[in-house]
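> I'd like to go over a predicted model; first the sequence, then the structure.
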Amino acid sequence: MGSFVYLRVDSNQDDTKEKLRDDMVNEPVDLPANEHESSSLESEQPDSSQIIPLNLQTESPVMEVHAHAHTPRKKWSHYLWEFLMLFLAVFCGFLAENQREHYVEKLRAKNYASTMIEDLKKDIKEVEDMNRECLAVLNAFDSIKATIYEGAVDNKVRGSFYYFSRIGSIVPLISWNKATLTQVIQSGSLRYFTNSELVNKISYYYASATQIDGQQETDRRFREKTVELRNKVLNNFQFSRYAGFNISSDNLEDSLLVFRVPLQTNEPNLLNEYANSFENRRATLRNLTSKYFPDLIATAKELIEILRKEYHL
């Protein structure tokens, strides 16, 4: 069996420990005797750069909590004023943009009006020139018809028959200066012109020009038949002497008009058919010279006057 050892702790042991602690506190500390010893002690101290700082904080940092201040609720009138201010800002922006668009449209309309006036002036001159050419072609028809009625003597006719056959084969075509007009109508820019009278005149002028184009196309188709018959009636060698002349030629010698020139054939039925081919063209050209050309020139002049007055040009 094991034995037990009993240790008795006396209360005097605690007193002994207490006394020992007091003696250690009251014990004097020996300081170095001289400066040399003091410096030696300092040298034995570790370098400050080698000292590792210790974080003695053991408690976690306390986070600050900011409580939101409760602001008083705004009145309904405040929200109403905010809505009104926003509405007025948007509305004023809309008015400014609308005003700017109106200004730009007026500026574009003025630019269109300026270029259109120049185009109309050129068209008037072009139509007047075409009117004179059409009248010259109509006179050529009369001369050709008179020569055919006289008949060919020994299968020969005066040189004027060849010359007027050349002029009668011309189809006067107008070279329009309507780039601005076409752009205004086809691009929808006609809305820039707010004057209803001006808009109606522009539309009417455009329609008149289109009708003239249709009449000239009809004349061109009749002319093809005329040229076909002409090539059967006239001698090609003789006709080549007159083929280089046109309505405005002023170097035609009188001898070429009176000189008697042989025909390719003087068959009466063919000559009669040749004369009739000019009659079909005569009706078309008379419509142009007596109706379409004068009407278009008058409309163009009215348009110029309205554009100048409307846009102070």
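Alright, I've got the coordinates. Residues are numbered from 1 along each chain as shown.

> Regarding this structure, what is its longest helix?
Of all the segments of type helix in the chain, defined by DSSP state H, the longest one is helix 76-150.

> What is that helix packed up against?
helix 159-168, helix 179-186, helix 268-287, helix 293-311 (3 or more CB pairs under 8 Å, 6 or more residues apart in numbering; DSSP states H and E). (Glycine included, C-beta is placed from N, CA and C.)

> so who does V157 touch?
T147, R260, V261, L263 (CB atoms under 8 Å, 6 or more residues apart in numbering).

> which of those count as buried?
Buried subset of the contacts of V157 (neighbour count, 16 or more other CB atoms under 10 Å): T147, V261, L263.

> contacting residues for the second one?
So the one you mean is V261. Contacts of V261 by CB under 8 Å, 6+ apart are K156, V157, R158, G159, F161, Y162, N235, Q238.

> Contact partners for the third one?
Neighbour list for R158: T147, L257, V258, F259, R260, V261 [criterion: CB under 8 Å, 6+ apart].

> Mind pulling up the pLDDT for it?
The model reports R158 with a pLDDT of 91.

> Over to the last one?
The predicted local confidence for Q238 comes out at a pLDDT of 90.

> hmm, back to that, I'd like the contacts of V157 written out as TSV, with pLDDT, secondary structure and distance to N98 added.
Shown next, in TSV, are the contacts of V157 (pLDDT from 0 to 100; DSSP: H, G, I helix; E, B strand; the rest coil; distance: CB to CB, whole Å):
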residue	pLDDT	secondary structure	distance to N98
T147	91	helix	71
R260	91	strand	79
V261	91	strand	75
L263	93	strand	75
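
> Relative to D250, which of those residues is nearest.
If you rank the contacts of V157 by distance to D250 using CB to CB, V261 comes first, at 21.4 Å.

> how about the helices and strands packed on helix 76-150 in a markdown table, adding mean neighbour count and distance to T210?
Below are the helices and strands packed on helix 76-150 laid out as a markdown table (neighbours: other CB atoms under 10 Å; distance: least, CB to CB, whole Å):
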| stretch | mean neighbour count | distance to T210 |
| --- | --- | --- |
| helix 159-168 | 23 | 26 |
| helix 179-186 | 16 | 11 |
| helix 268-287 | 17 | 15 |
| helix 293-311 | 17 | 11 |
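
> Please tell me I have it right and E133 contacts P172.
Yes. Counting by CB atoms under 8 Å, E133 touches P172, with 4.1 Å between them.

> Of the contacts of V261, which pair is most distant in space?
R158 and N235 (13.8 Å).

> now S143: how far from T182?
39 Å (CB to CB, to the nearest Å).

> how about T194, what does it touch?
A109.

> and it, that one's in a strand?
No. Using DSSP: H, G, I helix; E, B strand; the rest coil, the assignment for T194 is coil, not a strand.

> Phi, psi for it please.
The phi/psi pair for T194 (degrees, to the nearest 10) reads phi -90, psi -10.

> now do E267
Taking degrees, to the nearest 10 as the convention, E267 sits at phi -60, psi 120.

> What count of nearby residues applies to it?
12 (other CB atoms under 10 Å).

> Let me see the confidence value for it.
So E267 comes in at 91 (pLDDT).

> repeat for I51
I51 carries a pLDDT score of 49 in this model.

> ditto for the one 3 residues further on
Model confidence at L54, expressed as pLDDT, equals 46.

> what does D47 give?
We have a pLDDT of 50 for D47.

> same check, this time on L173
For L173, pLDDT reads 90.

> what's the closest non-adjacent residue to it?
Sequence neighbours aside, Q216 is the residue nearest to L173 in space, at 5.7 Å (criterion: CB to CB, 6 or more residues apart in numbering).

> so what's that neighbour up against?
Applying CB under 8 Å, 6+ apart, the residues near Q216 are V171, P172, L173, I174, L288.
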